[in-house]
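Peer 1: let me see the structure of the following:
(chains A and B)
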There are 2 protein chains.
Amino acid sequence: MATSSSVTVAQALVGRVISGHGSAAPVHPDRLSLPAGFHLSSLGGRALRAASCPIAVPPLRRRISQPQAAAVETLEGKSATTALVEKSVNTIRFLAIDAVEKANSGHPGLPMGCAPMGHILYDEVMRYNPKNPYWFNRDRFVLSAGHGCMLQYALLHLAGYDSVLEEDLKQFRQWGSRTPGHPENFETPGVEVTTGPLGQGIANAVGLALAEKHLAARFNKPDNEIVDHYTYVILGDGCQMEGISNEASSLAGHWGLGKLIAFYDDNHISIDGDTEIAFTEDVSARFDALGWHTIWVKTGNTGYDDIRAAIKEAKAVKDKPTLIKVTTTIGYGSPNKANSYSVHGSALGAKEVDATRQNLGWPYEPFHVPEDVKSHWSRHISEGASFEAEWNAKFAEYEKKYTEEAAELKSIISGELPAGWEKALPTYTPESSADATRNLSQQCLNALASVLPGFLGGSADLASSNMTLLKSFGDFQKFSPEERNLRFGVREHGMGAICNGIALHSPGFIPYCATFFVFTDYMRPAIRISALSEARVIYVMTHDSIGLGEDGPTHQPIEHLMSFRAMPNILMLRPADGTETAGSYKVAVLNKKRPSILALSRQKLPHLAGTSIEGVEKGGYIVSDDSLGNKPDIILTGSGSELEIAVKAAEELRKEGKTVRVVSLVSWELFEEQSDEYKESVFPEAVMARVSIEAGATFGWDKFVGTEGKAIGINRFGASAPAGKIYKEFGLTPENVVAVAKSL
Amino acid sequence: MATSSSVTVAQALVGRVISGHGSAAPVHPDRLSLPAGFHLSSLGGRALRAASCPIAVPPLRRRISQPQAAAVETLEGKSATTALVEKSVNTIRFLAIDAVEKANSGHPGLPMGCAPMGHILYDEVMRYNPKNPYWFNRDRFVLSAGHGCMLQYALLHLAGYDSVLEEDLKQFRQWGSRTPGHPENFETPGVEVTTGPLGQGIANAVGLALAEKHLAARFNKPDNEIVDHYTYVILGDGCQMEGISNEASSLAGHWGLGKLIAFYDDNHISIDGDTEIAFTEDVSARFDALGWHTIWVKTGNTGYDDIRAAIKEAKAVKDKPTLIKVTTTIGYGSPNKANSYSVHGSALGAKEVDATRQNLGWPYEPFHVPEDVKSHWSRHISEGASFEAEWNAKFAEYEKKYTEEAAELKSIISGELPAGWEKALPTYTPESSADATRNLSQQCLNALASVLPGFLGGSADLASSNMTLLKSFGDFQKFSPEERNLRFGVREHGMGAICNGIALHSPGFIPYCATFFVFTDYMRPAIRISALSEARVIYVMTHDSIGLGEDGPTHQPIEHLMSFRAMPNILMLRPADGTETAGSYKVAVLNKKRPSILALSRQKLPHLAGTSIEGVEKGGYIVSDDSLGNKPDIILTGSGSELEIAVKAAEELRKEGKTVRVVSLVSWELFEEQSDEYKESVFPEAVMARVSIEAGATFGWDKFVGTEGKAIGINRFGASAPAGKIYKEFGLTPENVVAVAKSL
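Peer 2: Got it, this is the predicted structure:
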């Protein structure tokens, strides 16, 4: 049994690396050197034995006879001398400087200022296995200030990750490289989440820390703490200014995420210059108010011991997350550009690079890693293998004793879905009583939570409207983190980014989150990162049209369906009834590499004859047709709550002797992926009389109704009135569909 | 001269009320009863004289002989007795209860809890003129917790606004009413901004307060403080949780907006229940950290004097905005539902309404305003007229002495553009040197700021990338608020909502704001409110495609153009060169009732032959054509930076003997508004061979290329590499356009 746990982790590793949503960038499966103790599934039973083999670990302690080079106390024991630390820190700085210089593009300032905390984290504090970036129990690191990605690439390189070799550093920001302009989890193993859009990284980190706290509470035993890692994050002034960071940090304080440790790179410079021009609040006092523990390291450029002491203190505070404000100098070491915005986002220039080399006493060629630095860092490969091997052994023990829990945990770690899970989804017939799809959605959510161990989520203060409560579980809270109902408060953006963090923590997590569909606007940046970073988040978006009625235009989505249909790598699903809702959830769960948005009605809808889960899986399909030979007189198509209207209009038209096809277009993306033959079987080119009906912008419907057809929809903002009245006033009625159809 | 100032204000009034972006709701110009002293322009010179007439103002003080009914000291002098205040407060509560009950929809909880502060604000503190809701120097009020709109409707009703008569209250949330489900400035005169989506209202209020501080600093003289009003806002727990409120509040603290007074309705309840489940931060301490003055009124349900004292204290603090945390009970007065989420967003139900009537000793019929309450409030009509008349007199003085400043201020108040302003826009020829449209945009911004008194704006920490600095002006800061460069920091969402506040402060304000186009995602909710609330904000969005290069997919917009083309009442403009950039600004300024987004390139673009400002005004037009009789062999169309590619491809195809038309589609919305004849003259139905090219999603292009044509674009996320490389890899080249055109 223990073997298979290794196997699933290795599978997860492979699954993650060989990905790409249509990415043209080449993928290098050959770059996947599996660590000692890890084997692909074909290696079978040998995995555990290999993992248990003793591995030579080089001594953590080195002594050099220079007087200033006293060995320093680190969190994990004695480590490098101060001189060597300094050298390693400068190596990081120059790798960043050199890569940006070669690309003539990038952000050298942050890596130069944050190299000391970066070094201490990756060399002295964090537990990871460079040869298996997906080892489950690793500490997580997020560079929320993603533009400083050369810091992370330099650290991954030094630590021995195969994803960032010297040639990768030299290819920084070039086509097809592993070192893109901002950290991308889907390009660079070792990068946990995709950052760059500011503020989201700290929220991702909150999600990662939440995931750890949840799993630890659920699976740890007094004799076996099988889940136990920290989440570290570096964020800058820009992240601090973004509202999302306050949202997520407020929740982190509320939840008491004690193993979340954030470094605030307080360098007083943003792109427009000194932060004095726009950012004069007292950040630490704000975090105190949010329930964090705060520490200020005033000596971030050189105060290694201060940084170490701060981390030690942060770890000792177990009931609160910690913000370590580290005052640094952006572009530290550059004699003429340090402490100015000019070093933030541009190459230093050859002359200033020389001056910086002079200033920091760095005689090496570009991209050079001095031998002693290389040798010092080399221990992480064996050390990492040991960490993982020890953990594998621990897991084997755990599995023996706690078989059931181990199986659940393994499913979360591997992402393998329990066999037959989809049978739990509710089924409906046209005789089932009419209901709002938001209510039917809740039946699905509860069904899925009972069979999928990594299924959890919640709403942005609309649980009772979005219908998202899991009835068999309590609230995830500071003192009940084993529960699965997340209470996000009115913080949509933070919610989305936290869910991205949860989804990317382990492949078996399936987080869902909810608000009114119109408020996807509030969380759109996080939804886009879900799509880009291949995070399987399920967005449960209710009140999906003017059908919500009286709340009026501020609450009524119009352009939202189209805005997501135009977004890459996301599924926009708008089910029409119970069967399509269940089908949408099936699709959402099965799409491991893309998020899904479910647009759900507030209002009651009948269960329609002809809807099917198989249809949903194809995105668009024929719900009913009384014609022969793929040649109906007219095709009526729509989605969600308007499919009922199309069905009713079809009945009318048929009474009048027309042959009518009704097509449900529940997901345009899935339909687009079908074969041309299938598409032709649904929308035959010869049938030009087509009418679409959807309670949203008609923009985009030309694709399906063509030049001869007509799209019925809403090309203005909504209105405040009872839903039925608005539908009627806006012409979203069977009568109008019939009239329009006849006009063709 | 003074007369015309009255006139323009009256014009502004009329202009505002008779609006509606295609709204189907009826507009009631007949409901516009102009106040004494206000006349339409046809009344000419009589306006001022009328305004100067003494108006009978009823005594502010009333004494009733009940012992508990002592006259209370208010901010503006002696006012009603406590008993009458109580009665007025209960009137507000029951108007809200009754309207929600009748609609069987709405949010009674907030009005019931906030009625005391609402009463004190509108009856004792605020200066306004109910018969001219657009009187320039009025105090502004924003209900950031917009769902509680019945509070505001009740107050406007009592205060004597014609927009909210008894019949309007009875039509709450019904089709075509003036009392929609959330406050909408374009439906209800007296409502300053459109709220409902949480957190934005407080940011709007920051914009309103900024506008006042700016105008006061620019126009006030030691002997004549012609600009002088407060901005009040009520926000709830939901607003406080939203990140945007922290963004905007951080700026308000930074800017020292001393005349911004925010009431935080601290009722401990949100939709999901007690705020304990998701919101346990110390809000006041956070605001202290943001540089606000904070006060806690613990007795918000009944502590009228405490509320009054808090406002007095807040006014005394002139260098900081003030947050008054007012602890209230949601649904105060309802014996069984108060202090629970059940009273937040649903009608109380007949039984509980009765119980509440019993409990608060309210014997009246629904919608009844007791005579003494009515009579007490009636003074606001004459008082408001006096306020305005006094101000008009003051303005007449001002105008005499400070003619030039008065003209500028008047232009801001009235929204009348100075004659010939558009001549300031720069002109270009194909010989002008190639430049990025972001740079050309900066030339336009600077040109406009020199001729438009209300033109001001800035960037979210990207001024030097967005090219948005106004060179003749300094930074708007705490001690230099007369300047016009706004420094928003990395706070896109707050920026957008602040600009909405500025735009809606006075019709002549034209705020612009800027970030990278992809980060419109961060501010999309505010952009949508610009569109809905008819706020003329100009969104200067640079780095508008993969053309930004190395920053990679997190920074490269793909779906964004389409997502805005699908949004109602907004112009999405993507100019191709200098002439089109100037044309886009012309269009943006002239569209007083809708916002514009300009998508601008990071990379250099040539000035093209055939582009024109007139063309931009039509949205789409022929840039070049070598065919005869509206029958080219092929039409190539595109926007922005890809128009150059279309032009080059056309040259190639023409060399090969084809007749080719090149069409610039700079704004789909404007093109849509043209006549069918014009559209046919650009895209003749008979010419089906059409190719579009745009560096974004092809979704939506079917509309123009039809079933026979082809759209070249990007249907995946971008990539990190030099821009030229990405263009080539993605097939956005003249060669590919030629190849595709030939394939048709």
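Peer 1: give me the residue ranges of chain A where confidence is low.
Peer 2: A:1-79 (pLDDT under 70).
Peer 1: which positions in the stretch 351-500 of chain A make contact with chain B?
Peer 2: A:459, A:461-465, A:475, A:477, A:487-494 (Cβ under 8 Å from any Cβ of the partner chain). All C-beta atoms are positioned from the backbone trio N, CA, C, and that covers glycine.
Peer 1: try 6 Å
Peer 2: Within the stretch 351-500 of chain A, the positions near chain B by Cβ under 6 Å from any Cβ of the partner chain are A:461-463, A:487, A:489-491, A:493.
Peer 1: what about those residues, which are in strands?
Peer 2: residue A:487 (DSSP state E).
Peer 1: taking the residues of the stretch 351-500 of chain A next to chain B together, which two end up most distant?
Peer 2: Pairwise distances across these peak at 17.9 Å for A:463 and A:493 (criterion: Cβ to Cβ).
Peer 1: neighbour count winner among those two?
Peer 2: With neighbours defined as other Cβ atoms under 10 Å in any protein chain shown, residue A:463 and residue A:493 compare such that residue A:493 has more, 32 against 23.
Peer 1: so what's the more buried one up against?
Peer 2: Shown in contact with residue A:493 (Cβ atoms under 6 Å, 6 or more residues apart in numbering or on different chains): A:244, A:522-523, A:526, B:243.
Peer 1: what's the first helix or strand after whichever helix or strand residue A:652 is part of?
Peer 2: In this assignment (DSSP states H and E), residue A:652 forms part of helix A:643-655. Next helix or strand after helix A:643-655 toward the C-terminus (DSSP H and E): strand A:660-665.
Peer 1: is the helix or strand just after that next one in proximity to chain B?
Peer 2: For strand A:660-665, the following helix or strand on the C-terminal side (DSSP H and E) is helix A:668-672. No. Contact of helix A:668-672 with chain B (Cβ under 6 Å from any Cβ) is absent, the minimum separation being 8.7 Å.
Peer 1: show me what helix A:668-672 is in contact with.
Peer 2: A:565, A:571, A:619-620.
Peer 1: from those, pick the one nearest residue B:316.
Peer 2: Distance to residue B:316, by Cβ to Cβ, is smallest for residue A:565 among the contacts of helix A:668-672, at 54.4 Å.
Peer 1: related to what we said a few turns ago, now the helix holding residue A:652 against strand A:660-665, angle please.
Peer 2: Interaxial angle, helix A:643-655 versus strand A:660-665 (axes from the mean of the first three to the mean of the last three Cα atoms, to 10 degrees): 170 degrees.
Peer 1: quick check: the residue of chain A nearest chain B.
Peer 2: Residue nearest to chain B within chain A: residue A:243 (2.2 Å; Cβ to the nearest Cβ).
Peer 1: thought residue B:246 was touching that residue, still the case?
Peer 2: Yes. Contact criterion Cβ atoms under 6 Å: residue A:243 and residue B:246 qualify, at 5.3 Å.
Peer 1: show me the helices in the stretch 351-500 of chain A, by range?
Peer 2: Using DSSP state H, counting those that start in this stretch, the helices of the stretch 351-500 of chain A run over A:371-401, A:403-414, A:437-451, A:463-466, A:492-505.
Peer 1: and the second one, which residues are buried?
Peer 2: Of the residues in helix A:403-414, those buried by neighbour count under the rule 16 or more other Cβ atoms under 10 Å in any protein chain shown are A:405-406, A:408-414.
Peer 1: now the fourth one
Peer 2: Neighbour-count burial for helix A:463-466, counted by 16+ other Cβ under 10 Å, picks out A:463, A:465-466.
Peer 1: and what of stretch A:211-227?
Peer 2: Buried residues in stretch A:211-227, defined by neighbour count with 16+ other Cβ under 10 Å: A:211-216, A:218-220, A:224, A:226-227.
Peer 1: now stretch A:643-655
Peer 2: Going by neighbour count (16+ other Cβ under 10 Å), the buried part of stretch A:643-655 is A:643-650, A:652-653.
Peer 1: could those go into JSON lines alongside distance to chain B?
Peer 2: JSON lines is the format used below for the buried residues of stretch A:643-655 (distance: Cβ to the nearest Cβ, whole Å):
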{"residue": "A:643", "distance to chain B": "21"}
{"residue": "A:644", "distance to chain B": "22"}
{"residue": "A:645", "distance to chain B": "19"}
{"residue": "A:646", "distance to chain B": "21"}
{"residue": "A:647", "distance to chain B": "26"}
{"residue": "A:648", "distance to chain B": "23"}
{"residue": "A:649", "distance to chain B": "22"}
{"residue": "A:650", "distance to chain B": "24"}
{"residue": "A:652", "distance to chain B": "25"}
{"residue": "A:653", "distance to chain B": "24"}
